[in-house]
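Everything below, folded, please.
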Amino acid sequence: MSSKIFVGNLSFDTGRDELERLFAEHGEIVDLAIPTDRLSGRPRGFAFVEFASAEQAAAAIEKLNGVELGGRNLRINEATERPARPSGGGYGQSFGAPGAGRRPGPGSRPKGSRRNVRARKRSIW
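Numbers count the residues shown, from 1 in each chain. Presented below is the predicted three-dimensional model:
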């Protein structure tokens with residue numbers, strides 16, 4: 001088991017100090033992170049707490065899961081690593097395919113010179 005736990009269903013008003021006081025009773029806290037929304041800067045409603053040992057983390061999960069804090073029942077469990085997301089992205093991305101990330105369209109035709117493009121368009125009309 002990992003020494004890092006996930007704390008979900010937090011009230012948006014719950015502060016770092018309040019969480020530290022709650023979890024410090026169950027072991028030595030190495031790190032506490034409360035992610036915030038990029039646009040608003042407001043907490044996202046969950047946190048990660050890392051303890052000095054896996055035993056302390058297990059004890060905190062057992063004793064604090066379902067406890068009410070800020071009018072909400074906490075959901076506490078072992079933190080899992082986020083799966084790796086593919087890099088890049090954008091328009092026309094196809095994961096793992098040759099030429100991934102290229103825009104769709106007539107890619108086999110060379111662009112060549114742009115000269116007389118307007119003249120050719122006018123002649124079509």
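
got a pLDDT number for Asp13?
Here, the pLDDT recorded for Asp13 equals 92.

Let me fix that, I meant to ask about Gln93.
pLDDT, read off for Gln93, is 51.

now do Gly71
So, for Gly71, pLDDT stands at 93.

Next, Glu62: secondary structure please.
helix (DSSP: H, G, I helix; E, B strand; the rest coil).

burial measure for it, as a count.
Using other C-beta atoms under 10 Å, Glu62 is surrounded by 10 other residues. No exception for glycine: its C-beta is placed from N, CA and C like everyone else's.

show me what contacts the spatially closest residue to Ala52 that is not a sequence neighbour?
In this structure, Ala52 finds its nearest non-sequential neighbour in Glu28, 4.1 Å apart by C-beta to C-beta, 6 or more residues apart in numbering. Going by C-beta atoms under 8 Å, 6 or more residues apart in numbering, Glu28 touches 51-53, 56.

Please repeat the previous calculation with a cut-off of 10 Å.
The contact partners of Glu28, taken as C-beta atoms under 10 Å, 6 or more residues apart in numbering, are 3, 50-53, 56.

out of those, which are buried?
3, 50-51, 56 (16 or more other C-beta atoms under 10 Å).

Please flag which of the contacts of Glu28 sit within strands.
Mapping the contacts of Glu28 onto strands (DSSP state E) picks out 50-51.

Same list (the contacts of Glu28) but as a markdown table, adding pLDDT and distance to Pro83.
Below are the contacts of Glu28 laid out as a markdown table (pLDDT from 0 to 100; distance: C-beta to C-beta, whole Å):
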| residue | pLDDT | distance to Pro83 |
| --- | --- | --- |
| Ser3 | 93 | 21 |
| Glu50 | 96 | 20 |
| Phe51 | 96 | 24 |
| Ala52 | 96 | 27 |
| Ser53 | 95 | 26 |
| Gln56 | 96 | 27 |
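
For this structure, give me the ranges with low pLDDT.
1, 88-125 (pLDDT under 70).

so where do the helices sit in it?
For the chain, applying DSSP state H gives helices covering 16-24, 54-64, 117-124.

possible to save those as CSV with distance to Ile34?
As requested, those are exported to CSV (distance: least, C-beta to C-beta, whole Å):
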stretch, distance to Ile34
helix 16-24, 6
helix 54-64, 16
helix 117-124, 55
